[in-house]
Structures are given as structure tokens and as C-alpha cells.
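Undergrad: How does the following fold in three dimensions:
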Amino acid sequence: KNNMAVTYKKLFHLLIDKGMTNAELMERGGFSANIITGLKNNYVSLDSIEKICKVLNCGVDEILEFLPDNTEEE
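TA: So this is what the prediction gives:
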């Protein structure tokens, strides 16, 4: 069983770079506070990721990255 962990640290750095708050992101993207909670817990739907990318005019690779788990590859 190989799980890839996802981190949204890049998104939070991007928001800081753009001078945008979580609240502004929610308002402009039209989603609830649950999304921000989800980002912090590393669980967000693809639909939400798409909306975030549209708001920030960026690619998926600019807001998330995969962290390999500690298991060896077979």
C-alpha cells in the first residue's frame, strides 16, 4: 500500500506573496470555510483545487505538492 501525502504549503506561500487572505480566497472562489480547514488538513476535492487555481490564476503544481511516504519503492 503506497500512499502519497499531499501538502498545500505552496498555496499558503502563494497567498502571502499575492497579499491575499484566506477570507479573500474563499470570497473570490465562492467556497466555504470548510475548504480552508480542508487545506490545513491536506484534504480537498479536485473541484475546489480547480476553483483555487482559477482565483489565483495559477497551475496545480504551484499550490500543492506530493510528499512521498517513507516506504521503499518496489
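Undergrad: What are the buried residues along the helix or strand where residue 36 lies?
TA: Residue 36 belongs to helix 33-40 when assigned by DSSP states H and E. Residues 35, 36, 38, 39 are the ones in helix 33-40 that count as buried (16 or more other Cβ atoms under 10 Å). C-beta: built from backbone N, CA, C; applies to glycine.
Undergrad: Distance to residue 61 for these - can I get that in CSV?
TA: Below are the buried residues of helix 33-40 laid out as CSV (distance: Cβ to Cβ, whole Å):
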residue, distance to residue 61
35, 19
36, 21
38, 19
39, 16
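Undergrad: How much space separates the residue nearest to residue 35 when sequence neighbours are not counted from residue 68?
TA: Nearest residue to residue 35, sequence neighbours excluded (Cβ to Cβ, 6 or more residues apart in numbering): residue 48, at 5.2 Å. As judged by Cβ to Cβ, to the nearest Å, residue 48 and residue 68 stand 24 Å apart.
Undergrad: who's in contact with residue 5?
TA: Contact analysis of residue 5 by Cβ atoms under 8 Å, 6 or more residues apart in numbering lists 42, 66, 67, 68, 69.
Undergrad: Determine whether the claim that it is in a strand is correct.
TA: Yes - looking at residue 5 with DSSP: H, G, I helix; E, B strand; the rest coil, it is inside a strand.
Undergrad: Could you give the bridge partners of it?
TA: Assessed by DSSP bridges, residue 5 has beta-bridge partners residue 67.
Undergrad: which intervals of this protein have sub-threshold pLDDT?
TA: In the predicted model of the chain, residues 1-3, 70-74 satisfy pLDDT under 70.
Undergrad: how about the strands of it, start to end?
TA: For the chain, the strands defined by DSSP state E occupy 4-7, 65-68.
Undergrad: Thank you, goodbye.
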